[in-house]
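Peer 1: Fold the following, please.
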Amino acid sequence: TDSIIDARNTSQLIINCANNKNSCKNINLACPPSINGTKYCQLTGDEGTVHDAIRLYAMNSWDDIDLTKYVAKTSRGDNIESVMFCDQQYIHNCDISLSSWN
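Peer 2: Coordinates of the predicted model:
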């Protein structure tokens with residue numbers, strides 16, 4: 001079952017997926033918006049973290065989430081199903097590139 005974390009109305013969210021292969025597998029994550037360029041949503045994970053499909057909901061797209069410490073791997077080879085939904089209604093979306101993860 002996919003995990004759903006809705007933190008849109010929180011002041012900050014930090015999720016550490018490290019050291020557990022399935023701790024963030026297929027996570028659905030709605031981030032709080034950035035304020036004046038400061039990101040309040042962070043997802044971390046080491047090489048032991050594996051995911052197949054991540055759904056990110058971020059009103060300001062990549063300006064809302066910090067993935068600089070997320071170095072997880074996909075478990076499906078070239079078949080990645082991760083996507084970012086953005087804007088105020090989360091209508092717009094873009095696929096997340098496989099090369100960004102592996």
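Peer 1: Spit out the contact partners of residue 87.
Peer 2: residue 59 (C-beta atoms under 8 Å, 6 or more residues apart in numbering). In short, each C-beta sits where N, CA and C put it, glycine included.
Peer 1: Run through the strands of this structure in chain order.
Peer 2: 4-6, 13-16, 28-30, 41-44, 50-51, 55-57, 65-66, 73-74, 83-86, 92-95 (DSSP state E).
Peer 1: which other helices and strands contact the second one?
Peer 2: Yep, that's strand 13-16 we're talking about. strand 41-44 (3 or more C-beta pairs under 8 Å, 6 or more residues apart in numbering; DSSP states H and E).
Peer 1: and if we set it to 10 Å?
Peer 2: If contacts are counted by 3 or more C-beta pairs under 10 Å, 6 or more residues apart in numbering; DSSP states H and E, strand 13-16 sits against strand 4-6, strand 28-30, strand 41-44.
Peer 1: Give the residue farthest from the middle of this structure.
Peer 2: Distance from the C-alpha centroid of the chain, by C-alpha atoms, centre = their mean, peaks at residue 36 (20.7 Å).
Peer 1: got a pLDDT number for it?
Peer 2: With respect to pLDDT, residue 36 scores 95.
Peer 1: same thing with residue 98?
Peer 2: Looking at residue 98, the pLDDT reads 57.
Peer 1: cool, and residue 78?
Peer 2: 57.
Peer 1: before we move on, what about residue 17?
Peer 2: 80.
Peer 1: so where's the protein shaky on pLDDT?
Peer 2: 1, 18-21, 48, 72-80, 97-102 (pLDDT under 70).
Peer 1: what do you get if the cut-off is 90, keeping everything else the same?
Peer 2: 1-4, 15-27, 43-55, 62, 67-84, 87-88, 93-102 (pLDDT under 90).
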